[in-house]
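[1] Pasting the sequence and the predicted model now:
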Amino acid sequence: MFSSLMLVSLLVLTLPIMSSIFNTYKNSTFPHHVKNTISYAFITSLIPTMMFIHSGQETIISNWHWMTMQTLKLSLSFKLDYFSMIFVPVALFVTWSIMEFSLWYMHSDPYITRFFKYLLTFLITMMILVTANNLFQLFIGWEGVGIMSFLLIGWWYGRTDANTAALQAILYNRIGDIGFIMAMAWFLFNTNTWDLQQIFMLDPNLTNLPLLGLLLAATGKSAQFGLHPWLPSAMEGPTPVSALLHSSTMVVAGVFLLIRFHPLMENNKTIQSLTLCLGAITTLFTAICALTQNDIKKIIAFSTSSQLGLMIVTIGINQPYLAFLHICTHAFFKAMLFMCSGSIIHSLNDEQDIRKMGGLFNAMPFTTTSLIIGSLALTGIPFLTGFYSKDLIIETANTSYTNAWALLMTLIATSLTAVYSTRIIFFALLGQPRFLPLTSINENNPFLINSIKRLLIGSIFAGFFISNNIYPTTVPEMTMPTYMKLTALAVTILGFTLALELSLMTYNLKLEHSTSVFKFSNLLGYYPTIMHRLPPLANLSMSQKSASLLLDSIWLENILPKSISQFQMKTSILISTQKGQIKLYFLSFLITLTLSMLLFNLHE
Amino acid sequence: MSLVHINIFLAFTVSLVGLLMYRSHLMSSLLCLEGMMLSLFVMATMTVLNTHFTLASMMPIILLVFAACEAALGLSLLVMVSNTYGVDHVQNLNLLQC
């Protein structure tokens, strides 16, 4: 019953795609069908989840034997364990709300049915990813979400920036895929399988190489430092895409992969240290970049990147279950933040610059409420959603025997979270309006209101609800000094007050010339500027020089043929004293020959 | 020597004289070179076949290959001269310029 219900809920998702050959696709009610389908799938998937929470019994469904290559057996198998059983309802819930939101947001788009089809295909590939039991199926889901991300970021393909951003996403993900394939190859060689069960049972030593590959894959997919520029650029897509892919679902795929491999990672201290440092760098760097951005979606994108860094830090201190909890809670408030920003953008007639917003506190009360509650949940205010995961992470990091520098970075980034959240609230909501007077601000569409309302309730209660109903996994640290327990709260409050003070103080000051620190933060640390221009130029010019100059013109033309002919010409001009007269030379040769023949033959 | 041998030897000698004594065209010299090569080939083939010296029966063929190479070389020189002067008169080759 458990397994069949889960399969039904996954199967139901594929129905609207298959119905696109019928006439329902051409109707304008197709988006409504899709939204209803997802809500049914959500409700259906709640039943197996509740059964799982009650009994704690994990399942593996292995349906269809695809092929066997000598000793490797590939089949379609679903792993319904703690992680996938809890993630599926959360993801379906968030997607349901986002679908309803995009019914309002993309209402005037002529290709709205295609949009919903793409979103649904993305959701299906994400489900394949999280329920995969072998690396091959996971890779199918992995590539699928990458492709759908490309198609959805470049939704408005007439815009050059959107095309560049979509291409950037694909390229950075591809670099991560190299690591994934390396890990797959290593597992195939050393454990003879791609099934997770067999890998964990065999427990190979020396897992440095595959775990490095998986870390690279997570860096690419989850936009860690080094492969991060695609995430802010991905904000070129419509807001529902940003809310679904680049905040809740796709970017956590990398973290999810690392969480899946936690039995291997808990034995490898080196990789844990690497993960910790990578996550700490990411979270601090992206939080710094978020401080001076002016586009509201980019600030939220950097916020996502910073929270992803925090999840990677959690894996680095050997707490995969806490990272997973943070994934689930993060989905709620981040999607809601994106939807609120979408509501603001649409109301102000597609204005995304926070310097041109303001005074929306009284004009859009519902959006204001949800934005503030979302920001508070993000920063980890006690007993909202974010608290249950984020505070536990900071506490565990404080009390674990780990890298102090990484810890410090994480704490600074936590306070910066509060700073940029205050910045958004201050510029977008407070003060006097800075937008054009003729606006059509309204939030009276039931799609918008209901979807944000659902996520709002989720943002407030989901943390409590989830963390009280899951079975205990790793035991959190229970005893610590008071100052450590209050560290997260203290830095957050510090961030809030500092940001508010600074904003109010500098509100009426003249715009100075930018300091170098400001420029560093505003231009994303110069990372895209350098990395998108210098290495490609160096690579291409080096390859051109080596291929055409070195190989062709030097080795094939110049070394033997041309050098020989030059040398011969020069020396022959130098040393010959003759004048031509070929006939004379030939004649003398003939006479000499005849004479010698006669002499030698007639001698005896 | 038999009559056949004298015949072919005579052909060789005539070509040799033609190679070394010609009026003005470089091309005639090249043609005589080919004639020499031809007579050598026939001589070698006949000797090998008559004495049933099978091991040496590849010698005429290899001789042919190398003759082809040298004919190509000679023709390229001819073309170089002809490019500069339009005709291949030997009396033009009095300037040692390239």
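    That came through fine. Nothing here was measured: the structure is a model prediction, and the numbers come from that model.

[2] Poorly predicted segments of chain B, please.
    B:1, B:94-98 (pLDDT under 70).

[3] Point me to the residue sitting closest to the centre of it.
    B:L33 (1.9 Å; Cα atoms, centre = their mean).

[4] Chain A versus that residue, what's the distance?
    12 Å (Cβ to the nearest Cβ, to the nearest Å). In short, each C-beta sits where N, CA and C put it, glycine included.

[5] Give me the contacts around the helix or strand harbouring that residue.
    Assigned by DSSP states H and E, B:L33 belongs to helix B:26-50. Here helix B:26-50 makes contact (Cβ atoms under 8 Å, 6 or more residues apart in numbering or on different chains) with A:586, B:4-5, B:8-9, B:11-12, B:14-16, B:18-19, B:22, B:53-54, B:56-57, B:59-60, B:63-64, B:67, B:70-71, B:74-75, B:77-78, B:81, B:88-90.

[6] Which ones among those residues map onto helices?
    Secondary structure from DSSP state H places A:586, B:4-5, B:8-9, B:11-12, B:14-16, B:18-19, B:59-60, B:63-64, B:67, B:70-71, B:74-75, B:77-78, B:81 of those in helices.

[7] From those residues, list the buried ones, please.
    Restricting the ones in helices among the contacts of helix B:26-50 to buried positions leaves A:586, B:8, B:11-12, B:15-16, B:18-19, B:60, B:67, B:74, B:78, B:81, with burial counted as 16 or more other Cβ atoms under 10 Å in any protein chain shown.

[8] residue contacts, the residue in the stretch 201-350 of chain A that chain B sits nearest to?
    Nearest residue of the stretch 201-350 of chain A to chain B (Cβ to the nearest Cβ) works out as A:L209 at 56.8 Å. If you count contacts by Cβ under 8 Å, 6+ apart, A:L209 has them with A:182-183, A:186.

[9] can you check A:T44 too?
    By Cβ under 8 Å, 6+ apart, the contact list for A:T44 reads A:5, A:8-9, A:12.

[10] out of those, which are buried?
    Buried, going by 16+ other Cβ under 10 Å: A:5, A:9, A:12, out of those.

[11] could you give me the average pLDDT of the helix or strand that the last one is a member of?
    Assigned by DSSP H and E, A:V12 belongs to helix A:2-18. Within the predicted structure, the mean pLDDT of helix A:2-18 is 81.

[12] Which residues does it contact?
    Contacts for helix A:2-18 (Cβ under 8 Å, 6+ apart): A:30, A:33-34, A:37-38, A:40-42, A:44-45, A:47-48, A:51-52, A:57, A:59, A:61, A:78, A:80, A:85, A:88, A:92, A:116-117, A:120-121, A:123-124, A:127, A:131.

[13] So, low pLDDT: which residues of chain A?
    Checking chain A against pLDDT under 70 turns up A:23-25, A:577-580, A:604.

[14] Now do the host helix or strand of A:W104 against helix A:2-18, angle only.
    Element membership of A:W104, judged by DSSP H and E, is helix A:82-105. For helix A:82-105 against helix A:2-18, the angle by axes from the mean of the first three to the mean of the last three Cα atoms, to 10 degrees is 30 degrees.

[15] tell me which residues of the helix or strand that helix A:82-105 is followed by are tucked away?
    Per DSSP H and E, the first helix or strand lying C-terminal to helix A:82-105 is helix A:112-130. In terms of neighbour count (16+ other Cβ under 10 Å), helix A:112-130 has its buried residues at A:112-113, A:115-130.

[16] after helix A:112-130 comes which helix or strand?
    Counting by DSSP H and E, what follows helix A:112-130 is helix A:135-153.

[17] tell me which strands and helices that next one is in contact with?
    Helices and strands touching helix A:135-153, by 3 or more Cβ pairs under 8 Å, 6 or more residues apart in numbering or on different chains; DSSP states H and E, are strand A:72-80, helix A:112-130, helix A:160-191, helix A:208-221, helix A:252-260.

[18] what's the spacing between B:R23 and B:D88?
    12 Å (Cβ to Cβ, to the nearest Å).

[19] tell me how far stretch A:381-398 is from the chain's mean position?
    What separates the centre of stretch A:381-398 from the centre of its chain is 23 Å, taken as Cα atoms, centre = their mean, to the nearest Å.

[20] Can I get that stretch in CSV, CA atoms only?
    Extracted C-alpha coordinates of stretch A:381-398, given in CSV (Å, rounded to 0.1, in the frame of the first residue of the first chain):
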residue,chain,number,x,y,z
ILE,A,381,14.1,34.3,14.7
PRO,A,382,13.2,31.9,17.5
PHE,A,383,10.3,29.6,16.8
LEU,A,384,9.6,30.5,13.2
THR,A,385,10.5,28.0,10.6
GLY,A,386,14.1,28.8,10.1
PHE,A,387,14.9,28.6,13.7
TYR,A,388,14.5,24.9,14.0
SER,A,389,17.1,24.2,11.4
LYS,A,390,19.4,27.2,11.3
ASP,A,391,19.8,27.6,15.1
LEU,A,392,20.5,23.9,15.5
ILE,A,393,23.2,24.2,12.8
ILE,A,394,24.9,27.1,14.4
GLU,A,395,24.8,25.5,17.9
THR,A,396,26.2,22.2,16.6
ALA,A,397,28.9,24.1,14.7
ASN,A,398,29.8,26.0,17.8
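
[21] What parts of chain A come near chain B?
    Counting by Cβ under 8 Å from any Cβ of the partner chain, chain A comes close to chain B at A:569, A:572-573, A:576, A:578-583, A:586-587, A:589-590, A:593.

[22] are any of these buried, and which?
    A:583, A:586.

[23] between the helix holding B:L33 and helix B:3-20, how many degrees?
    Using the same axes, to 10 degrees, helix B:26-50 lies at 160 degrees relative to helix B:3-20.

[24] ok, and for helix B:26-50, which residues are buried?
    Neighbour count says helix B:26-50 has B:26, B:28-44, B:48 buried, by 16+ other Cβ under 10 Å.

[25] mind giving me JSON lines with the contacts of A:T44 and columns for distance to A:T474?
    Formatted as JSON lines, the contacts of A:T44 follow (distance: Cβ to Cβ, whole Å):
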{"residue": "A:L5", "distance to A:T474": "29"}
{"residue": "A:V8", "distance to A:T474": "32"}
{"residue": "A:S9", "distance to A:T474": "29"}
{"residue": "A:V12", "distance to A:T474": "34"}
